[in-house]
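A.B. asks: sequence first, then the predicted structure:
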Amino acid sequence: MEKELISIHWLDAKGIQQNRDVMCVDVSSGGLRFSLEQSIPIDAQIEVHFKPRQPLTTKRLATVIRSEQQDHGWFDIGLIFSKK
């Protein structure tokens, strides 16, 4: 699943839903990592859709555990999958 396009959805600080397509950098059974030009707050709840443009998309819920700005200005975002 690494280096594949995924869709993410979350509510920002104002309660407005944000939707983005991002490149999944790393994924495991416990979580995933991607890069984004903006930060997402720690503990934010994220809805992740794998293979978003296909009929058999997989949806997982996850929580942000890391949001670190890199030297190039983008943020390295780490998520842990929810147990639900």
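C.D. replies: All right, it came through fine.

A.B. asks: ok, for residue 6, nearest residue in space, not its chain neighbours?
C.D. replies: residue 24 (4.8 Å; C-beta to C-beta, 6 or more residues apart in numbering). No exception for glycine: its C-beta is placed from N, CA and C like everyone else's.

A.B. asks: kindly apply the preceding question to residue 11 instead.
C.D. replies: According to C-beta to C-beta, 6+ apart, the nearest residue to residue 11 is residue 17 (5.8 Å).

A.B. asks: so what does the one you found have for phi and psi?
C.D. replies: phi -70, psi 130 (degrees, to the nearest 10).

A.B. asks: need the contact list for it.
C.D. replies: 9-11 (C-beta atoms under 8 Å, 6 or more residues apart in numbering).

A.B. asks: from residue 27, how far off is it?
C.D. replies: 23 Å (C-beta to C-beta, to the nearest Å).

A.B. asks: now residue 10
C.D. replies: 18 Å.

A.B. asks: same question, residue 67
C.D. replies: On the measure of C-beta to C-beta, residue 67 and residue 27 end up 17 Å apart.

A.B. asks: next one: residue 57
C.D. replies: 15 Å.
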